[in-house]
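Undergrad: here is a sequence together with a model predicted from it:
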Amino acid sequence: MALGTAERPGTGGRSDRTGRTTGTWRRPAWLEAAGEWARERLRLLDSPLATHHVLLATTALLVVIGLVMVLSSSSVESLRENGSQFSYFKKQATFAVLGAVALVVASRLPATAWRRLALPALLAAALLQLLVFVPGVGREVGGNRNWIELGPLSGQPSEAAKVALVLAAALALTRRRERLHEPAQLFGALLPSVSATIGLVLLSRDLGTAMVMMLIVVAMLWTSGVPVRFFALVGAAGALVATLLVVTSENRMRRVHDWLFGSATSGVEIQGASWQPVQGRYALASGGWWGLGLGASREKWQWLPEAHNDFIFAIIGEELGLPGTLVVLLLFAVLALAALRLVRRSQDLFTKVAVTGFAAWVLGQACLNVAVVLGLLPVIGVPLPLISYGGTALVVTMLAVGVLLSFARAEPGAAEALRARGSVVERSLAVLPGRARRSR
């Protein structure tokens, strides 16, 4: 054998005159298996039911994370108020079950049914929202008159108004799709749904919910193809309304002032409007990179107000660190991608606009909540969807996901895939021993 061409033992190749090894590098078996697994997962995305499965799995994960974090963040306050650290958790778990029922029922309705339900939902939402102004029924919480109590039942009708706003606005924009470039037509299309939802919410002084609903309308207008020049008008109107609500409320003025210029450092002042956002940032800072451990939060010991509600993201950062917060943000990002896929694959304009509205609601509210906790916005009092404590918000948000699942089941090819899967299940059950004996 000639010098320079001898095969080096253990290399699986040959050496040239420069000493470099020639030949192919064999990848380890575990890397081959990982690549095959990744390719298989990517092939699953080509399925007509991929959007449905991704939406359902991501929502389930967020709800489970929410239940765990509600149990952890509310345990101290629950023990102090009710003598049991599980009382808040039990209520939230009960509403999660109710939300699951609402999700399943909504997902089984035909996609065309939501078009017919748009106007009845708008009327029902307006009537519920008017109840907050009825003495003895409406209740004021935190300066906002946004709760109703009917016997043992209580809730926020503004949550149901979000569903009605999405469906009614989608229906109106779809019906006038050819004339939305005309200001009068656009105004006429939005007036009933906006006045019956956002208008009544603003009258109850709930600025946080109204901001989320304004974001919903803007996103739906974009998907509807409204000319860009109208967005400046909508933005100016929204900014004017928000400014009026801020300057007419001493509490909101203090929050905005502290956000813009920093909170005071004296112990007396920090007990006021600055206390909650400051303690929220303390929670994130004390958690560090890896967190203190699940259940080990210090801020939940009566330091951080609404630790299980509006500021639960701070407790996630304190206990689970950066990985925990990134997992939550990643799940919301997956929801956004699934909604985008649903919009692109849907062939009906009503579906496209409605999906955009529901996605803007959940994702926009999540962004507002996280921005408040991080100090990027003043405190506006919106919960983290699917995670924060709150029965009405959880049930209605899961209902909204159920509507998205209903639309996903109407994607091209989805109905055929569902029928094929059902026939496979039936054939599998038919060969069970018990059924075989009964058939004979």
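TA: Arrived safely, thanks for sending.
Undergrad: gap between the closest residue to residue 230 other than its chain neighbours and residue 340?
TA: Of all residues beyond its chain neighbours, the one nearest residue 230 is residue 186 (6.5 Å), with distances taken as CB to CB, 6 or more residues apart in numbering. The C-beta positions use only the backbone N, C-alpha and C, and glycine is treated the same way. The span separating residue 186 from residue 340 equals 25 Å under the rule CB to CB, to the nearest Å.
Undergrad: so for these two, which sits in the more crowded spot?
TA: In terms of neighbours (other CB atoms under 10 Å), residue 186 is the more surrounded of residue 186 and residue 340; the figures are 22 against 14.
Undergrad: what are the ranges of the helices in the stretch 151-300 of the chain?
TA: Secondary structure of the stretch 151-300 of the chain, counting by DSSP state H, counting those that start in this stretch: helices at 157-175, 183-194, 200-203, 207-224, 229-247, 250-261, 267-270, 275-287.
Undergrad: run through who's touching the third one.
TA: Residues outside helix 200-203 that contact it (CB atoms under 8 Å, 6 or more residues apart in numbering) are 126, 129-130, 133, 146, 158, 161, 209-210, 213, 241, 245.
Undergrad: need these in TSV (columns: pLDDT, neighbour count and distance to residue 97).
TA: TSV is the format used below for the contacts of helix 200-203 (pLDDT from 0 to 100; neighbours: other CB atoms under 10 Å; distance: CB to CB, whole Å):
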residue	pLDDT	neighbour count	distance to residue 97
126	94	20	29
129	92	26	26
130	92	17	30
133	90	13	32
146	82	24	25
158	92	29	23
161	95	26	24
209	91	25	25
210	91	24	30
213	94	29	27
241	80	17	38
245	78	16	36
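Undergrad: report the central residue of the chain.
TA: In the chain, the C-alpha closest to the average C-alpha coordinate belongs to residue 362, at a distance of 3.4 Å (CA atoms, centre = their mean).
Undergrad: which ones are touching residue 234?
TA: With contacts taken as CB under 8 Å, 6+ apart, residue 234 has the following neighbours: 217-218, 221.
Undergrad: do that again at 7 Å, thanks
TA: Taking CB atoms under 7 Å, 6 or more residues apart in numbering as the contact definition, residue 234 lies against 218, 221.
Undergrad: over to residue 288?
TA: residue 321.
Undergrad: quick check: phi and psi on it?
TA: Reported as degrees, to the nearest 10, the phi and psi values for residue 288 are phi 60, psi -150.
Undergrad: got a pLDDT number for the residue nearest to residue 230?
TA: The model reports residue 186 with a pLDDT of 86.
Undergrad: ditto for residue 370
TA: At residue 370, the model reports a pLDDT of 96.
Undergrad: that one and residue 314 touch, don't they?
TA: No: counting by CB atoms under 7 Å, residue 370 sits too far from residue 314 to count as a contact (9.8 Å).
Undergrad: who has more neighbours out of these two?
TA: residue 314 (32 against 19).
Undergrad: before we move on, which element is the more buried one in?
TA: When elements are defined using DSSP states H and E, residue 314 is found to belong to helix 312-345.
Undergrad: before we move on, which element is the residue nearest to the centre of the chain in?
TA: Assignment of secondary structure by DSSP H and E places residue 362 within helix 349-374.
Undergrad: and the residue nearest to residue 72 when sequence neighbours are not counted, how many neighbours does it have?
TA: What sits nearest to residue 72 in space, not counting adjacent residues and going by CB to CB, 6+ apart, is residue 295, at 5.1 Å. Around residue 295 there are 12 other residues, counting by other CB under 10 Å.
Undergrad: over to the one 4 residues further on?
TA: The number of residues packed around residue 299, counting by other CB under 10 Å, is 24.
Undergrad: quick check: closest non-adjacent residue to it.
TA: Leaving out its chain neighbours, the residue that sits closest to residue 299 by CB to CB, 6+ apart is residue 283, at 4.2 Å.
Undergrad: could you list the low-pLDDT ranges of the chain?
TA: Across the chain, the ranges flagged by pLDDT under 70 are 1-25, 41-45, 142-143, 262-273, 421-440.
Undergrad: ok now stretch 242-253, how far from the chain's centre?
TA: Centroid displacement of stretch 242-253 relative to its chain, using CA atoms, centre = their mean, to the nearest Å, is 27 Å.
Undergrad: any idea how far apart the tips of it sit?
TA: Criterion CA to CA, to the nearest Å; first-to-last residue distance in stretch 242-253 is 12 Å.
Undergrad: dump the residue contacts of residue 320.
TA: Applying CB under 7 Å, 6+ apart to residue 320 gives the contacts 291, 294.
Undergrad: quickly note the distance from it to residue 314.
TA: With distances defined as CB to CB, the gap from residue 320 to residue 314 amounts to 11 Å.
Undergrad: check residue 396 too.
TA: Noted for residue 396: a distance of 24 Å to residue 314, by CB to CB.
Undergrad: what's the answer for residue 78, then?
TA: Applying CB to CB, one obtains 18 Å for the distance of residue 78 from residue 314.
Undergrad: what does residue 149 show for phi and psi?
TA: For residue 149, the backbone dihedrals (degrees, to the nearest 10) come out as phi -130, psi 120.
Undergrad: which stretches in the stretch 51-200 of the chain count as strands?
TA: In the stretch 51-200 of the chain, strands defined by DSSP state E, counting those that start in this stretch lie at 138-141, 144-150, 153-155, listed in chain order.
Undergrad: distance to residue 59 added to these, as JSON lines?
TA: What follows is these, written out as JSON lines (distance: least, CB to CB, whole Å):
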{"stretch": "strand 138-141", "distance to residue 59": "27"}
{"stretch": "strand 144-150", "distance to residue 59": "25"}
{"stretch": "strand 153-155", "distance to residue 59": "21"}
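Undergrad: and the ones you listed, which is most packed in?
TA: strand 144-150 (a mean of 18; mean count of other CB atoms under 10 Å).
Undergrad: list the helices and strands that one packs on?
TA: For strand 144-150, the contact count by 3 or more CB pairs under 7 Å, 6 or more residues apart in numbering; DSSP states H and E identifies strand 138-141, strand 153-155 as packing neighbours.
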